[in-house]
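Asker: predicted structure and sequence below. I'll ask about it afterward.
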Amino acid sequence: MIEYPLNVTIDTNIFVANKFDFGDDSTMSLLVKNVQNGKIKLVLSNIVIKEVEKHICQRVHSICGKAKELRKVYGKIFPEQYFDDFGMGMYMKKPDKGEIEKNVKEKFSKFLEDCKVERLDASEIDIEKILEDYFAIRPPFEESEKKRKEFPDAFIAQEIGNRFDKETVAIISQDKGFREACAGIKNHLFFTSLSDLFDTLNKNDKEYYANALELIKDCAASILQTIEEMIDDSCIEVRGLSIDRYGVVEGYDYDETYLKCCRLSNLKIHTIDDIGSDTITASLWIHGYMEVDCYFKDFDNASWDSEDKEYIFVETKNFLEKHDVRFACRIELDRETKEIRVLPFRVVLGGGSRKSRTEIYGE
């Protein structure tokens, strides 16, 4: 039986996995809710906080770089003034890197404030112990050229061990080495995702949890129908290329894909993320079948015009791909009305789901 509030600490990779999304429908928002209802006490290392801020800056720089590349591509197609007429003028504007960075950091700061975060510092870290582990190649250090990058994990693991000598702490991380480094901490719980943590907290109340499972199972057909009606080209990504362990590339890099057929067959409850007085939030695995029309320009078999510096006689190839799909999806289910709200999701189709790929020949 878990006693509240449960101490929880999160590794940087969990923020990365959740794409630094602190919005109202995000997994992070459920963390805030559990802090504010007294179930969780969030404790973060200052190292993690600094690493998250660094990742945020790197992603902002990456986005601005891609926006610059896109402006160049658009500029080669039409004059810049045309884009205002198309209602696409915003795509030709240069993003303010500093302003974007500031806004995202403010969202992160508000998240920390809403979670009433207790910060761990490095004042009591035993450097000698960490160096011993480094040279002995004990976790989190590994036999590789990347040892230097494991030093922050070693600092954080020791901070957690010093802070939680007697109290129970839940450690959320996807890093195997970091989890091994924390293995000696007393009264610890390990989770690889926030959803697994929330599911465990909800299981603490067996009756409510059982009722939530039963309600979702009763509404399974309606849930599948609602999700199926939402699926279109915008939420599907087809990965036509695959690379084997020898680096050999096989397949096609598609330019366009269009959903032709979609049939969802069943769902599996992965976790119950939140049990509220009015709604239940759950993460599901959805299974089904899809057919997708895929197109790409065959430059490999086209001719190069050295005078005009461009390919000529470029044929567009068309393939029909059939997939047995499985994708993750989160829903909110109203207890009273049985109304279903599906949160944004993405379906990735690749080599693991592909049943067949057939070329379609036209005129």
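Answerer: Noted; the coordinates are in hand. Residues are numbered from 1 along each chain as shown.
Asker: tell me where this protein has helices.
Answerer: In the chain, the helices defined using DSSP state H lie at 12-17, 27-36, 46-77, 82-85, 97-114, 127-136, 151-163, 176-181, 194-203, 206-218, 220-230.
Asker: is it possible to export those helices to CSV including mean pLDDT?
Answerer: Converted to CSV, the helices of the chain look like this (pLDDT from 0 to 100):
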stretch, mean pLDDT
helix 12-17, 95
helix 27-36, 95
helix 46-77, 90
helix 82-85, 82
helix 97-114, 93
helix 127-136, 59
helix 151-163, 80
helix 176-181, 82
helix 194-203, 95
helix 206-218, 95
helix 220-230, 96
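Asker: so which of these is nearest Asp293?
Answerer: Of all the helices of the chain, helix 220-230 sits nearest to Asp293, with 18.4 Å by Cβ to Cβ. In this view, the C-beta of every residue, glycine as well, is placed from N, C-alpha and C.
Asker: okay, the closest one in PDB with CA atoms only?
Answerer: Provided in PDB are the C-alpha atoms of helix 220-230 (Å, rounded to 0.1, in the frame of the first residue of the first chain):
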ATOM      1  CA  ALA A 220     -14.800  -0.500 -26.100                       C
ATOM      2  CA  ALA A 221     -16.900  -0.600 -29.300                       C
ATOM      3  CA  SER A 222     -17.800   3.100 -29.100                       C
ATOM      4  CA  ILE A 223     -14.100   4.000 -28.300                       C
ATOM      5  CA  LEU A 224     -12.900   2.100 -31.400                       C
ATOM      6  CA  GLN A 225     -15.500   3.700 -33.600                       C
ATOM      7  CA  THR A 226     -14.700   7.200 -32.300                       C
ATOM      8  CA  ILE A 227     -10.900   6.700 -32.900                       C
ATOM      9  CA  GLU A 228     -11.500   5.200 -36.400                       C
ATOM     10  CA  GLU A 229     -13.600   8.200 -37.400                       C
ATOM     11  CA  MET A 230     -10.700  10.500 -36.400                       C
END
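Asker: quick revisit: Ile360 is nearest to which of the helices of the chain?
Answerer: Ile360 lies closest to helix 220-230 among the helices of the chain, at 24.6 Å (Cβ to Cβ).
Asker: check the burial of Asn37 by counting its neighbours.
Answerer: Neighbour count for Asn37, taken as other Cβ atoms under 10 Å: 11.
Asker: just the pLDDT at the most far-flung residue of the chain relative to its centre, thanks.
Answerer: In the chain, the greatest distance from the average C-alpha position (Cα atoms, centre = their mean) is reached by Glu307, at 46.5 Å. pLDDT, Glu307: 81.
Asker: now it: phi and psi?
Answerer: Dihedral pair for Glu307: phi -80, psi -50, per degrees, to the nearest 10.
Asker: rewinding a little: can you lay out the helices of the chain as a markdown table showing distance to Val342 and mean neighbour count?
Answerer: Shown next, in a markdown table, are the helices of the chain (distance: least, Cβ to Cβ, whole Å; neighbours: other Cβ atoms under 10 Å):
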| stretch | distance to Val342 | mean neighbour count |
| --- | --- | --- |
| helix 12-17 | 21 | 19 |
| helix 27-36 | 15 | 20 |
| helix 46-77 | 26 | 14 |
| helix 82-85 | 33 | 13 |
| helix 97-114 | 24 | 14 |
| helix 127-136 | 46 | 12 |
| helix 151-163 | 36 | 21 |
| helix 176-181 | 33 | 19 |
| helix 194-203 | 16 | 21 |
| helix 206-218 | 13 | 13 |
| helix 220-230 | 6 | 15 |
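Asker: which one of those lies closest to Asp253?
Answerer: helix 46-77 (16.5 Å).
Asker: and that closest one, what does it pack onto?
Answerer: helix 12-17, helix 97-114, strand 118-120, helix 151-163 (3 or more Cβ pairs under 8 Å, 6 or more residues apart in numbering; DSSP states H and E).
Asker: apply 7 Å and report the result again.
Answerer: With contacts taken as 3 or more Cβ pairs under 7 Å, 6 or more residues apart in numbering; DSSP states H and E, helix 46-77 sits against helix 12-17, helix 97-114, helix 151-163.
Asker: CA atoms of the second one as CSV?
Answerer: In this case it means helix 97-114. Provided in CSV are the C-alpha atoms of helix 97-114 (Å, rounded to 0.1, in the frame of the first residue of the first chain):
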residue,chain,number,x,y,z
LYS,A,97,14.7,32.5,-31.6
GLY,A,98,15.1,34.4,-28.3
GLU,A,99,11.4,35.0,-27.9
ILE,A,100,10.5,31.4,-28.6
GLU,A,101,13.1,30.2,-26.2
LYS,A,102,11.9,32.6,-23.5
ASN,A,103,8.2,31.4,-23.9
VAL,A,104,9.1,27.7,-23.6
LYS,A,105,11.3,28.3,-20.6
GLU,A,106,8.5,30.2,-18.9
LYS,A,107,6.2,27.3,-19.4
PHE,A,108,8.8,25.0,-17.8
SER,A,109,9.2,27.5,-14.9
LYS,A,110,5.4,27.5,-14.4
PHE,A,111,5.4,23.7,-14.4
LEU,A,112,8.0,23.7,-11.7
GLU,A,113,6.1,26.2,-9.7
ASP,A,114,2.8,24.4,-10.0
